[in-house]
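S.K.: build me a model:
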Amino acid sequence: METDHGRIETPIFMPVGTVGSVKAVTQQQLRDDINASIILGNTYHLYLRPGLEVLEAAGGLHRFNGWDRPILTDSGGYQVFSLSGTRKIEEEGVTFQSHIDGSRHLFTPERVMDIQRSIGGDIIMAFDECPPGGCDHTYAKRSMELTHRWLDRCWHHFYQSSPKYGYTQNLFPIVQGGTFKDLRQESCAYISSKQATGNAIGGLSVGEPEPVMYEICEWCCAHLPSDRPRYLMGVGTPWNLLECISRGVDMFDCVMPTRNGRNAMLFTTEGVVNIDNQKWEKDFSPIDPGLPSPISQYYTKAYLRHLFKAKEYLGYTLASVHNLAFYLWLVRTARAHILAGDFASWKAEMVVRLRQKC
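M.R.: Got it, this is the predicted structure:
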């Protein structure tokens with residue numbers, strides 16, 4: 001993909017910077033140690049804090065947080081799912097109760113487009129309802145149809161407005177339909193008719209079994225345009241990424257590398273490491289000898305374990321930077337094998353290796 005803030009080669013993993021910051025990681029580390037080409041911001045959280053007045057005065061999120069590469073903004077649709085106890089869904093939109101001060105805010109499709117214009121994402125997402133995993137066909141159909149009506153309103157309002165900061169913004173629609181193939185096919189057809197720059201697959205990795213996620217992912221990819229990026233939202237583990245790349249997905253995001261990193265779980269080229277374990281106390285080998293990353297090569301397992309035991313903040317940063325560098329290495333290596341024509345055999349070997357516990 002080409003954006004006004006830079007080129008994005010796929011498959012790509014996008015670090016999640018919910019409130020304008022990837023937790024425990026600096027923008028310099030994102031550029032230099034991780035080599036991220038795009039990051040995420042979240043509409044709901046950025047709307048509440050720092051707020052649109054601050055973001056507009058700064059000239060948008062890029063200038064506010066010093067990130068000069070592309071940004072994708074989530075619409076807040078995931079919060080329709082995750083904040084089910086403090087929100088009300090109606091045809092007009094969703095009323096949220098702020099987790100900060102309890103104040104109430106109405107997000108309509110039109111308002112969400114305006115908010116994302118103000119945040120300044122290069123890619124902005126349509127407002128959708130993400131139904132809970134395991135919902136029945138009736139609920140999933142009603143939710144999908146609401147998402148389609150909201151998409152029409154997003155689409156109309158987006159193309160009646162202009163970017164605020166002088167660069168192009170791209171609107172991605174989102175496929176819904178739960179775990180039902182007939183609904184997913186209908187949603188893919190509706191979303192594809194918009195001929196958007198790219199298309200997203202939502203409503204997966206919300207509690208359904210892993211094989212079901214793969215099955216629905218593959219089904220959606222088969223019914224979405226192959227000449228435009230397909231973005232699987234909120235997924236997932238390293239092996240999830242490889243399995244879904246093999247099914248046709250181009251773009252991913254997930255909080256797992258940073259969240260798990262802050263909880264002493266490392267993803268490595270040899271498998272999953274719990275750096276808190278005593279077995280690493282006197283292991284002075286690099287964090288991941290197979291990963292060409294300055295962090296992973298310079299610091300040892302013993303030192304990183306010591307930082308976690310001492311509850312030093314540096315440990316959270318090093319683990320987060322390592323995991324993100326690993327994820328970006330993984331998708332870049334996948335791209336190289338796709339271009340070389342041997343992705344399938346490489347993927348089969350890597351999935352087994354990555355899932356093992358060290």
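
S.K.: chain neighbours aside, what residue packs nearest to Phe95?
M.R.: Slight slip there: residue 95 is Thr, not Phe. Here the nearest residue to Thr95 in space, its sequence neighbours aside, is Lys88; by C-beta to C-beta, 6 or more residues apart in numbering that works out to 4.7 Å. In short, each C-beta sits where N, CA and C put it, glycine included.

S.K.: any stretches of the stretch 51-200 of the chain with poor pLDDT?
M.R.: For the stretch 51-200 of the chain, the stretches with pLDDT under 70 are 77, 80-82.

S.K.: could you redo the last one with a cut-off of 80?
M.R.: Counting by pLDDT under 80, the stretch 51-200 of the chain shows low-confidence ranges at 77-86.

S.K.: am I right that the residue nearest to Thr95 is in a strand?
M.R.: Yes: residue assignment for Lys88, taken from DSSP: H, G, I helix; E, B strand; the rest coil, places it within a strand.

S.K.: residues near it, how many?
M.R.: 12 (other C-beta atoms under 10 Å).

S.K.: I'd assumed His105 was in contact with it.
M.R.: No: the pair Lys88 and His105 fails to qualify as a contact (C-beta atoms under 8 Å) at a distance of 11.4 Å.

S.K.: shared neighbours, these two?
M.R.: With contacts defined as C-beta atoms under 8 Å, 6 or more residues apart in numbering, the residues shared by Lys88 and His105 are Thr95.

S.K.: now for the residue nearest to Gly290 when sequence neighbours are not counted: which residues touch it?
M.R.: Leaving out its chain neighbours, the residue that sits closest to Gly290 by C-beta to C-beta, 6+ apart is Thr269, at 3.5 Å. When contacts are counted by C-beta under 8 Å, 6+ apart, Thr269 touches Asp288, Gly290, Leu291, Phe326, Arg353.

S.K.: show me the domain layout of this protein.
M.R.: The chain breaks down into these structural domains: 2-259, 260-355 (assignment by automatic domain parsing).

S.K.: distance-wise, check the spatially most central residue of the chain relative to Thr73.
M.R.: In the chain, the C-alpha closest to the average C-alpha coordinate belongs to Asp253, at a distance of 2.0 Å (C-alpha atoms, centre = their mean). Look at Asp253 and Thr73: by C-beta to C-beta, to the nearest Å, they are 11 Å apart.

S.K.: intersection of neighbour lists for those two?
M.R.: Here Asp253 and Thr73 have Leu40 as joint contacts, going by C-beta under 8 Å, 6+ apart.

S.K.: so the residue nearest to the centre of the chain touches Leu40, yeah?
M.R.: Yes: proximity of Asp253 to Leu40 meets the contact threshold set by C-beta under 8 Å, at 5.3 Å.

S.K.: shared neighbours of the two, which are they?
M.R.: In the contact map built from C-beta under 8 Å, 6+ apart, the residues linked to both Asp253 and Leu40 are Met14, Pro15, Val16, Leu72.

S.K.: dump those to TSV, plus distance to Arg111.
M.R.: As requested, those are arranged in TSV below (distance: C-beta to C-beta, whole Å):
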residue	distance to Arg111
Met14	24
Pro15	27
Val16	23
Leu72	19
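
S.K.: neighbour-wise, give me the winner out of the residues you listed.
M.R.: Going through the shared contacts of Asp253 and Leu40 with other C-beta under 10 Å as the criterion, the one with the most neighbours is Leu72, at 26 neighbours.

S.K.: returning to what we had before: and the residue nearest to the centre of the chain, what does it touch?
M.R.: Residues in contact with Asp253, defined by C-beta under 8 Å, 6+ apart, are Phe13, Met14, Pro15, Val16, Leu40, Leu72, Met233, Gly234.

S.K.: which residues sit in contact with Pro225?
M.R.: The neighbourhood of Pro225, defined by C-beta under 8 Å, 6+ apart, consists of Ser192, Asn199.

S.K.: swap in Leu354?
M.R.: By C-beta under 8 Å, 6+ apart, the contact set of Leu354 is Thr237, Pro238, Trp239, Leu242, Phe267, Gly271, Val272.

S.K.: quick one: the second one and Trp329 touch, right?
M.R.: No: counting by C-beta under 8 Å, Trp329 is not a contact partner of Pro238; they are 10.1 Å apart.

S.K.: the more surrounded of the two?
M.R.: Looking at Pro238 and Trp329 with other C-beta under 10 Å, you find the greater number of neighbours at Pro238, namely 25 against 20.

S.K.: give me phi/psi at the more buried one?
M.R.: Pro238 has phi and psi values of phi -60, psi -40 when expressed as degrees, to the nearest 10.

S.K.: distance of Glu270 relative to His148?
M.R.: Using C-beta to C-beta, which is the criterion applied here, Glu270 is 45 Å from His148.

S.K.: neighbour-wise, which of the two wins?
M.R.: More neighbours sit around His148 than around the other of Glu270 and His148, counting by other C-beta under 10 Å; the figures are 18 against 13.

S.K.: find the nearest non-adjacent residue to the more buried one, please.
M.R.: When the adjacent residues along the chain are set aside, His148 lies closest to Tyr190, with 5.2 Å between them (C-beta to C-beta, 6+ apart).
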